[in-house]
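K.L.:
I'll drop the sequence and a predicted model, then ask my questions.
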Amino acid sequence: MKQISIIGVILAWLLMPSSMQAGNEDCYTFPICEEPPEKIIPEKDGNKHRVPPRPMLCKIDLNTAAVFFEIESLGKSIVTYEIWNYDASFIISTAHTECSFIENLRGLDVSDCQVRFITSEVCYTGYIRLD
């Protein structure tokens, strides 16, 4: 089920107009999906076929060093910002503040990566192409 939601996000990202991928050179808008950690989801018999949550938009503006979410309150609950390589086989950087996260993005030497915004309850994952 997790693979289906990741494939859906990748397809949405690939089919997204390039104007949404990069509004200007330093501003990026992309979909993110909620992925609850396995240890937090209580096991319930009969409820094993959850519908994946609807993706939401995230906007990263490198000029203003800010991250904006479709749900405004989400930004206040993030405890860790992570940058992974595109296929999520290794982590590139971890930050605990939005400013550090933006600085890590600016210093990347790769153009395609996965970003994860982790709260105490869930992880929001998205893919970004830095041009």
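P.N.:
That came through fine.
K.L.:
Would you mark the buried spots in the longest strand belonging to the chain?
P.N.:
Residue-count comparison of every strand in the chain, with assignments taken from DSSP state E, identifies strand 27-35 as the longest. Neighbour-count burial for strand 27-35 flags Tyr28, Thr29, Phe30, Pro31, Ile32, Cys33, Glu34, Glu35 (criterion: 16 or more other Cβ atoms under 10 Å). Bear in mind the C-beta positions are built from the backbone N, C-alpha and C, glycine included.
K.L.:
any idea where the strands of this structure begin and end?
P.N.:
Assignment of strands within the chain using DSSP E yields the ranges 27-35, 56-61, 66-69, 80-85, 91-95, 112-118, 123-129.
K.L.:
Partner strands of the fifth one, with direction?
P.N.:
Right, strand 91-95. Strand 91-95 has the following strand partners under DSSP bridges: strand 80-85 (antiparallel).
K.L.:
tell me the mean pLDDT over the strand it pairs with?
P.N.:
Computed over strand 80-85, the mean pLDDT rounds to 96.
K.L.:
Check stretch 32-48 too.
P.N.:
Mean pLDDT, computed over stretch 32-48, is 62.
K.L.:
looking at this protein, which helix or strand is least sure?
P.N.:
Taking mean pLDDT, DSSP states H and E as the measure, the helices and strands of the chain show their lowest mean at helix 18-21, namely a mean of 41.
K.L.:
hang on, the earlier thing: in CSV, please show the C-alpha coordinates belonging to the longest strand of the chain.
P.N.:
Coordinates of each C-alpha in strand 27-35 appear next as CSV, following Å, rounded to 0.1, in the frame of the first residue of the first chain:
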residue,chain,number,x,y,z
CYS,A,27,10.7,28.8,-5.5
TYR,A,28,9.5,25.2,-5.7
THR,A,29,5.9,23.9,-5.3
PHE,A,30,5.3,20.1,-5.2
PRO,A,31,2.9,17.6,-3.6
ILE,A,32,3.6,15.8,-0.4
CYS,A,33,1.9,12.8,1.1
GLU,A,34,1.3,11.7,4.6
GLU,A,35,2.9,8.4,5.6
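K.L.:
elements contacting that strand?
P.N.:
Using 3 or more Cβ pairs under 8 Å, 6 or more residues apart in numbering; DSSP states H and E, the elements in contact with strand 27-35 are helix 2-15, helix 18-21, strand 56-61, strand 123-129.
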